Structure formats: structure tokens, C-alpha cells
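A.B. asks: Give the three-dimensional model of this entry:
(chains A and B)
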Amino acid sequence: QQPVQSPQAVILREGEDAVINCSSSKALYSVHWYRQKHGEAPVFLMILLKGGEQKGHDKISASFNEKKQQSSLYLTASQLSYSGTYFCGTETQGGSEKLVFGKGTKLTVNP
Amino acid sequence: DTAVSQTPKYLVTQMGNDKSIKCEQNLGHDTMYWYKQDSKKFLKIMFSYNNKELIINETVPNRFSPKSPDKAHLNLHINSLELGDSAVYFCASSQESQARQPQHFGDGTRLSIL
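C.D. replies: A predicted model of the protein is given here:
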């Protein structure tokens, strides 16, 4: 079951904040976040495991609410280098051992 | 030092041909994957191997045949190529087979079918 990401696209000015959401209709074991720049490979940002933890990576952090089966990615004080498409990948409970990716959120940061 | 490397980077060929894509990782990971990313950027898993054994085989036409000669290599052979096979194919690897491990992606192979 493919997770749903929102919004589909967001345009920011440098220094602004953004939130990208990822939700699933199934119970989740883990949520991954990746960023892909145009013409490049997806790059791993972070993994969140069930337990409602929050993680941070520079000015990018994420939370995982397992009760709501949702994860949110927070980008604060955005930089030009944050531009790209952000994908969440989810692993549903039951040990499927595979990630199912959302359709992505395209983030554009302008000067 | 490229962690996950794929060859070729670009592949342009005619419908009906057979082609192969190669992937190698030097991270010492046990698990490797093939993903297909279509023109709408949807990233979908095709296959996964753990220590040379097939562990994930999604609903993929049997024209696609993966092969893992050892845990550092995973190749993808495609027979009788069709227009719908045009996409970017990404190889990835992770420490273990569970989806709780970060995946490292190669740069992709851009396959165009004429």
C-alpha cells in the first residue's frame, strides 16, 4: 500500500520553513526519508522506527506518530541546497522487508 | 570511491532487443535491490537479493531476470524490450535485508526504448 505524501509540491524562499507529510492506511514499522535532486540518485536522510521518535539531521528533522501512521519531515531555515524531491518510504508491520515509496514532494527553494 | 556503481549510465535501444545492466557495491552490504523509476518519478521495488538469494520478487514481467553472482554484484537482464520499459533503473544496497536499514542508491541507468 503506497503511502500518501502531501503537499505534492512546495515553493519556498531561502530561510523559510516547510513541512512534508507522509501517511499510511496500514500500521507502520518504519519510515524512511530520501531526497532526490534532478537527474541524480535518491539520497538517504533518516529512518524513524515505531515508538514516536524524532530525529534530526542538520536543520532537517522528522517525527513518526505510529498511532496515526504518519510521519512528518521538517525543514527549517531552508537553503538552496534543499531543493529536490523528497520521498518517504514505509515498511508496514508484518515483516515485509520492503520499502514502498510515496509519489514524492517537489521542494523548490528560491533565493 | 563510488559506493554503488551501475553500468551503463545510459542505454538507448530498439524494441525487441535484449539488454543487461550491471551493479556493484563496495560497502560490504548483504542486500541489494533493483528499483524502477518511471516518468512520473514513482520509485518501485522490483527485486531484492540477500547474500545472493532472492528475497523480494515483485510483480514484474518474467522478461526481467536478476542475477547475483556474489553479494557485491547484482545484474538485471531484460529480454524483448518494450516501450513501457523506458525508465530509470536504480540499484541500491543496504547492510541487512530488513527495511530498517538505510539504502544507498547507484546513479541510475536511463533506459530509452525506441
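A.B. asks: and B:Leu74, what is it in contact with?
C.D. replies: Contact partners of B:Leu74, counting by CB atoms under 8 Å, 6 or more residues apart in numbering or on different chains, are B:Cys23, B:Met32, B:Tyr33, B:Trp34, B:Phe47, B:Tyr49, B:Pro66, B:Lys67, B:Ser68, B:Cys91. For every residue, glycine as well, the C-beta is placed using N, CA and C.
A.B. asks: any idea which element the residue nearest to the second one when sequence neighbours are not counted lies in?
C.D. replies: What that stands for is B:Met32. In this structure, B:Met32 finds its nearest non-sequential neighbour in B:Leu74, 4.0 Å apart by CB to CB, 6 or more residues apart in numbering or on different chains. Per DSSP states H and E, B:Leu74 falls inside strand B:73-78.
A.B. asks: just how off-centre is that strand within its chain?
C.D. replies: Computed by CA atoms, centre = their mean, to the nearest Å, the separation of strand B:73-78 from the middle of its chain amounts to 6 Å.
A.B. asks: do stretch A:7-18 as well
C.D. replies: On CA atoms, centre = their mean, the centre of stretch A:7-18 falls 14 Å from that of its chain.
A.B. asks: ditto for stretch A:27-45
C.D. replies: In terms of CA atoms, centre = their mean, the centre of stretch A:27-45 is found 7 Å from the chain centre.
A.B. asks: Helix or strand next in line after the helix or strand of chain A with the lowest mean pLDDT, which one?
C.D. replies: Lowest mean confidence among the helices and strands of chain A (mean pLDDT, DSSP states H and E): strand A:54-57, at a mean of 68. Going down the chain from strand A:54-57, the next helix or strand is strand A:60-65, by DSSP H and E.
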